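Peer 1: Could you look at this predicted model? Sequence included:
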Amino acid sequence: MGRSIGDVRREQVNLYSTKDNTYGDFSIGTHVKIICPSQDHYFFYGETGKVIRNKGEYLSIIVEFDKPRHFKNGYIQTEFNFNPEDLTIWNAETKVMEKEENRLKKLGKEERAKEEEQSNRSERFEIMDL
């Protein structure tokens, strides 16, 4: 059985730990990555951009895309509105996370499961070392 958009969203929120994000985390000028696969009937594929407005209410974080989105009908979208959990601050740490996520996507199911098991095992031993 395949994954739903909701499944992908939950995976991204867990991966980037954005569940507890607040409007205050995204001041004007903050460079962000869009982690939600869909918002308000638009689909997103990990685009990056800069916060240009934040009113602190539902869907009020306006992000201007680094690369405008071009649609087949000629429409060019340069910005869109999001909630805090839809975004992660785009920095060196999140770039490494994205690179690892892309690497895991390229692996087969069995290889990916082994990698994730090894990662979980490593975290457990790190905790034990404390």
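Peer 2: That came in fine, so what should we check first? Residues are numbered from 1 along each chain as shown.

Peer 1: distance between stretch 97-106 and the chain's centre?
Peer 2: 13 Å (C-alpha atoms, centre = their mean, to the nearest Å).

Peer 1: Show me which positions of that stretch end up buried.
Peer 2: residue 98 (16 or more other C-beta atoms under 10 Å). In this view, the C-beta of every residue, glycine as well, is placed from N, C-alpha and C.

Peer 1: Touching it from outside, list them.
Peer 2: The contact list for stretch 97-106 (C-beta atoms under 8 Å, 6 or more residues apart in numbering) reads 15, 16, 33, 46, 112, 115, 116.

Peer 1: helix, strand or coil for the last one?
Peer 2: Using DSSP: H, G, I helix; E, B strand; the rest coil, the three-state assignment for residue 116 comes out as helix.

Peer 1: dump the residue contacts of it.
Peer 2: So residue 116 contacts residue 104 (C-beta under 8 Å, 6+ apart).

Peer 1: ok so, going back, taking the contacts of stretch 97-106 one by one, which sit in strands?
Peer 2: residue 33 (DSSP state E).

Peer 1: neighbour-wise, which of the contacts of stretch 97-106 leads?
Peer 2: Neighbours here mean other C-beta atoms under 10 Å. Within the contacts of stretch 97-106, the largest count is held by residue 33, at 23 neighbours.

Peer 1: which residues of the protein score low on pLDDT?
Peer 2: Within the chain, the ranges that satisfy pLDDT under 70 run 1, 121-130.

Peer 1: what about the strands in it?
Peer 2: Ranges of strands in the chain, per DSSP E, are 31-34, 38-39, 42-43, 48-54, 61-70, 76-82, 87-89.

Peer 1: any idea how the chain splits into domains?
Peer 2: Annotated domains of the chain cover 1-90, 91-130 [automatic domain parsing].

Peer 1: Packed most tightly, which of these would that be?
Peer 2: Highest mean neighbour count of the domains of the chain: domain 1-90, a mean of 15 (counted as mean count of other C-beta atoms under 10 Å).

Peer 1: Appreciated, that's everything.
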